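K.L.:
next comes the sequence, and after it the predicted model I'd like to discuss.
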Amino acid sequence: MTWKILAVDDDRGMRFLLRVALERKGFQVTEAPDGQAAVDQVLATLPDLVLMDVMMPRMDGFTACQIIRNTESTAHIPIIMLSALTAGEDKQKGLDAGANLYLTKPVSPLTLVETVSQVLEDANH
């Protein structure tokens, strides 16, 4: 099975790096440039996992995470917050919004792939 990952970040370069790291390991990756686009795409395509930045225009990652988590058809989708915000309260806010995990940038490609794989495995057993 090919896992479908939605990479959400307003930085095009970061989305490219996420895509390359994940596609090398066989994941199928789609992208969204902000939280609103992420919510729209999740509702339309139901990815297997969402990698969500926090600080983005139109809608931040916390709000997008809450919407995905509070929508019945998408509540089961694992969400990994991936942010440059490193303070403990930001991590807690991400988890309170419904994220399964909160990673801080920069993250190595190996750690990213291992983390995504583990969260998918945990969510599907």
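P.N.:
Received, thanks.
K.L.:
can you tell me which residues contact the most centrally placed residue in the chain?
P.N.:
The residue lying closest to the centre of the chain (C-alpha atoms, centre = their mean) is Leu51, at 1.4 Å. Leu51 makes contacts with 5-9, 18, 80, 82, 116, as judged by C-beta atoms under 8 Å, 6 or more residues apart in numbering. Where you see a C-beta, it was placed from the backbone N, CA and C, and this is true even at glycine.
K.L.:
tell me the SS of it?
P.N.:
strand (DSSP: H, G, I helix; E, B strand; the rest coil).
K.L.:
picking that back up, possible to save the contacts of Leu51 as JSON lines with distance to Gly88?
P.N.:
Output for the contacts of Leu51, formatted as JSON lines (distance: C-beta to C-beta, whole Å):
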{"residue": "Ile5", "distance to Gly88": "27"}
{"residue": "Leu6", "distance to Gly88": "27"}
{"residue": "Ala7", "distance to Gly88": "25"}
{"residue": "Val8", "distance to Gly88": "23"}
{"residue": "Asp9", "distance to Gly88": "22"}
{"residue": "Leu18", "distance to Gly88": "24"}
{"residue": "Ile80", "distance to Gly88": "18"}
{"residue": "Leu82", "distance to Gly88": "17"}
{"residue": "Val116", "distance to Gly88": "23"}
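K.L.:
most neighbours, which of these?
P.N.:
In terms of neighbour count, Val8 stands highest of the contacts of Leu51 at 31 neighbours, by other C-beta atoms under 10 Å.
K.L.:
so that residue touches Ala38, yeah?
P.N.:
Yes - counting by C-beta atoms under 8 Å, Val8 touches Ala38, with 4.2 Å between them.
K.L.:
what sits in contact with each of those two?
P.N.:
Each of 32, 50, 52, 61, 64 lies in contact with both Val8 and Ala38 under the rule C-beta under 8 Å, 6+ apart.
K.L.:
no further queries at this time; thank you.
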